[in-house]
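Asker: Sequence and predicted model, in that order:
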Amino acid sequence: MARVLDALKLASGMRVLEIGTGTGYNAAVLAHLAGADNVISVELDPVAADRARQALQRAGFPVRVATGDGEDGYPPGAPYDRIVVTASAHTVPPAWVEQTRPGGMILVPWAPTVHPDWPLCRLTVRSDGIAEGRFLGPSPFMPLHGQRVDVRTTDEAERRWKAAGEPDCTRYGVTVTPEGQELWLDSPDNIID
């Protein structure tokens, strides 16, 4: 979690959307850094969302906790300076890019579909609606609901990674456009998927 918070480059007053509230602990840290009025957290599980909401209130961090599918983001609070995802994904939903202001950042742990280290991916959203960035280092998280990866997929990804000479995860990156996403090695011109 510390690695994720450091990679966010968060400053006071930035508008933040957290995907996956869990217990609310991370939302409290985000609220401490950016201000509780600037943080919205989305949780799929209504029971977990209610518990987190109560815990955040008791702790003095009245973060807005919305119950819903994080893949949809949270349009009423957009645009965001930062979207941070606390579950791994293999596909960046268009809503995340659309709800991030130009120059803003999306931080998402990547499922092991490219590299076995479950790397953390930091994407910057451009004014043309494209998000692009690199993997930063290992950061395993449980999968985002609806983005689970089966063993066969992870085995195939590891086989391709070994065949490529086991490149460090920081050599990989992703470009997300309205038409879809492309994974690359070393440069956006070197598409691997």
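Answerer: Received it, and whenever you're ready, just let me know what you need.

Asker: longest single strand anywhere in this protein?
Answerer: Looking across the chain with DSSP state E, the single longest strand is strand 100-109.

Asker: Give the buried residues for it.
Answerer: 100, 104-109 (16 or more other CB atoms under 10 Å). The way it works is simple: take the backbone N, C-alpha and C, and place the C-beta from them, glycine included.

Asker: Now tabulate the residues you listed in a markdown table and tack on pLDDT and distance to residue 182.
Answerer: Putting the buried residues of strand 100-109 into a markdown table (pLDDT from 0 to 100; distance: CB to CB, whole Å) gives the following:
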| residue | pLDDT | distance to residue 182 |
| --- | --- | --- |
| 100 | 98 | 18 |
| 104 | 98 | 20 |
| 105 | 98 | 19 |
| 106 | 98 | 16 |
| 107 | 97 | 19 |
| 108 | 96 | 16 |
| 109 | 95 | 19 |
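
Asker: Kindly indicate which of the residues you listed lies nearest residue 57.
Answerer: residue 107 (25.8 Å; CB to CB).

Asker: quick one: that closest one and residue 8 touch, right?
Answerer: Yes - using CB atoms under 8 Å, residue 107 is in contact with residue 8, at 5.7 Å.

Asker: SS state for residue 5?
Answerer: Classification of residue 5 using DSSP: H, G, I helix; E, B strand; the rest coil returns helix.

Asker: excluding its backbone neighbours, what's nearest it?
Answerer: Leaving aside its chain neighbours, residue 5 sits nearest to residue 29 (6.4 Å; criterion: CB to CB, 6 or more residues apart in numbering).

Asker: same thing with residue 24?
Answerer: Residue 24's closest residue in space is residue 52 (CB to CB, 6+ apart), at 3.3 Å.

Asker: Then that neighbour would be within a helix, right?
Answerer: Yes - applying three-state DSSP, one finds residue 52 inside a helix.

Asker: That one: neighbour count?
Answerer: 23 (other CB atoms under 10 Å).

Asker: Quickly note the distance from it to residue 2.
Answerer: From residue 52 over to residue 2 the distance is 20 Å, taken as CB to CB, to the nearest Å.

Asker: ok, and residue 120, which helix or strand is that part of?
Answerer: strand 119-125 (DSSP states H and E).

Asker: and what of residue 134?
Answerer: strand 131-138.

Asker: follow-up on the earlier one: name the residues that touch the longest strand of the chain?
Answerer: Strand 100-109 is contacted by residues 4, 7-9, 78-89, 92, 96-97, 118-127, 131, 133, 139-141 when judged by CB atoms under 8 Å, 6 or more residues apart in numbering.

Asker: hmm, back to that, could you give the backbone dihedrals for the residue nearest to residue 5?
Answerer: Backbone torsions for residue 29, taken as degrees, to the nearest 10, come to phi -60, psi -40.

Asker: Fine by me, thanks again.
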